[in-house]
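Chemist: got a structure for you, letters missing:
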């Protein structure tokens, strides 16, 4: 009996010690493919800091930039497998999960970023966040990067200048059709390989925002950048339904509020950074920025506009119409 009493006392002591020890916070991995000094990079770091400040005893956010964990061809799969909990792919990457988000790839659809923002905050734009739910994904918000420009080894002023040239694109059939419309050769390649492809002249050019062109130093290996503003490169902050729905309601609310604030922070940076990085490229003298005349730009618009019709049925004419109306 004395031995039993002693054993129960020891067990009670261990139980008391365990109860007094706080469990280690759960790790949330946020993986992305761009540099930390980009709007997306800064958004992810802001989210990490806000979570630490508000609920750091329960969760710690680890941010992995520059494809450190997964490249842009693998991050969606990693999310669904639970290897990461948050990603922010470009909207072009969702075509295998929903065709509706292809609207953002249509060339010359939005006249400026204000129009993009109006559409994204509209009922039609917000509904698109849920268009991936059937695939086990949840869109939590839109993050801006900016309007896309064309960079190349040779000057691009009119569509004929792109004839036969090879351009890296994201994995998007709409973007492929966009370059095919100007008789160019689109090549779907990971973002992490673009600099080397440009440097070795394995490709002739690419399309990207001022932020990405500057942060990834594409301007150092591309003599010409055409200020075309022909498309938008934005992201959708995404998580898996399995991870998100398993969170306690209170924790989910805190994380969502932190994410909303982080996205607003990233968007504010994006609007300011685009023009600053454009000026940085101009000041470097490494790449010439080509400004199109109205007549030259109209040639690009006319040649690429049929792409809208080609993908209208997949996207939905009502979605395209709502996007067009945001320009007014």
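Modeler: In hand now; what should we look at? Every value quoted in this text rests on a predicted model; they were computed, and no experiment measured them.
Chemist: what about the one helix or strand residue 271 maps to, average pLDDT?
Modeler: Element membership for residue 271 (DSSP states H and E) is helix 249-284. Average pLDDT, helix 249-284: 96.
Chemist: got the buried residues for the helix or strand following that helix?
Modeler: Sequence-wise, the next helix or strand downstream of helix 249-284 (DSSP H and E) is strand 288-291. When burial is assessed from 16 or more other CB atoms under 10 Å, strand 288-291 yields the following buried residues: 289-290. Every residue, glycine included, has its C-beta placed from N, CA and C.
Chemist: which strands or helices does strand 288-291 pack on?
Modeler: Helices and strands touching strand 288-291, by 3 or more CB pairs under 8 Å, 6 or more residues apart in numbering; DSSP states H and E, are strand 224-227, helix 249-284.
Chemist: average pLDDT for it?
Modeler: Mean predicted confidence for strand 288-291 is 98.
Chemist: contacts for it?
Modeler: Residues outside strand 288-291 that contact it (CB atoms under 8 Å, 6 or more residues apart in numbering) are 155-157, 223-227, 278, 281-282.
Chemist: quick one: that strand to chain centroid distance?
Modeler: 26 Å (CA atoms, centre = their mean, to the nearest Å).
Chemist: ok, residue 324 to residue 229 distance?
Modeler: To residue 229, residue 324 is 16 Å away according to CB to CB, to the nearest Å.
Chemist: residue 162 against residue 186, yeah?
Modeler: No: between residue 162 and residue 186 there is no contact under CB atoms under 8 Å: 10.5 Å.
Chemist: list residues touching both of those two?
Modeler: residue 179.
Chemist: so those two - more neighbours on which side?
Modeler: Each of residue 162 and residue 186 has its neighbours counted (other CB atoms under 10 Å); residue 162 has more, 25 against 20.
Chemist: and that one, what does it touch?
Modeler: 150, 152, 156, 179, 182-184, 205.
Chemist: report the angle between the axes of the strand ranked longest in the chain and helix 249-284?
Modeler: Using DSSP state E to define each element, the chain has its longest strand at strand 137-152. Taking axes from the mean of the first three to the mean of the last three CA atoms, to 10 degrees, strand 137-152 and helix 249-284 form an angle of 0 degrees between their directions.
Chemist: what mean pLDDT does strand 137-152 have?
Modeler: 97.
Chemist: note down every partner strand of it and its orientation.
Modeler: strand 205-209 (antiparallel), strand 224-227 (antiparallel), strand 232-240 (antiparallel) (DSSP bridges).
Chemist: thinking again about what came up before, okay, the contacts of strand 288-291 in JSON lines with neighbour count and distance to residue 50 next?
Modeler: Shown next, in JSON lines, are the contacts of strand 288-291 (neighbours: other CB atoms under 10 Å; distance: CB to CB, whole Å):
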{"residue": "155", "neighbour count": "13", "distance to residue 50": "45"}
{"residue": "156", "neighbour count": "27", "distance to residue 50": "42"}
{"residue": "157", "neighbour count": "17", "distance to residue 50": "45"}
{"residue": "223", "neighbour count": "14", "distance to residue 50": "42"}
{"residue": "224", "neighbour count": "19", "distance to residue 50": "41"}
{"residue": "225", "neighbour count": "26", "distance to residue 50": "35"}
{"residue": "226", "neighbour count": "25", "distance to residue 50": "38"}
{"residue": "227", "neighbour count": "15", "distance to residue 50": "35"}
{"residue": "278", "neighbour count": "21", "distance to residue 50": "30"}
{"residue": "281", "neighbour count": "24", "distance to residue 50": "32"}
{"residue": "282", "neighbour count": "14", "distance to residue 50": "35"}
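Chemist: helices of this structure, residue ranges please.
Modeler: 2-20, 39-55, 75-81, 113-121, 123-128, 173-180, 194-199, 210-215, 241-246, 249-284, 294-304, 306-310, 312-315, 317-325 (DSSP state H).
Chemist: from the chain's centre, how far out does the second one sit?
Modeler: Averaging C-alpha positions (CA atoms, centre = their mean) puts helix 39-55 16 Å from its chain's average.
Chemist: what's that helix packed up against?
Modeler: Applying 3+ CB pairs under 8 Å, 6+ apart, one finds that helix 39-55 makes contact with strand 26-31, strand 59-64, strand 137-152, helix 249-284.
Chemist: ok, now the fourth one?
Modeler: Applying 3+ CB pairs under 8 Å, 6+ apart, one finds that helix 113-121 makes contact with strand 137-152, strand 232-240.
Chemist: compute the inter-axis angle for it and helix 317-325.
Modeler: 140 degrees.
Chemist: state the mean pLDDT of helix 113-121.
Modeler: 97.
Chemist: report pLDDT for residue 38.
Modeler: 86.
Chemist: roughly how far does it sit from residue 86?
Modeler: 16 Å.
Chemist: what does residue 160 give?
Modeler: Distance from residue 160 to residue 86, by CB to CB: 43 Å.
Chemist: so which of those two has more stuff around it?
Modeler: Neighbour count, other CB under 10 Å: between residue 160 and residue 86, residue 86 has more, with 24 against 11.
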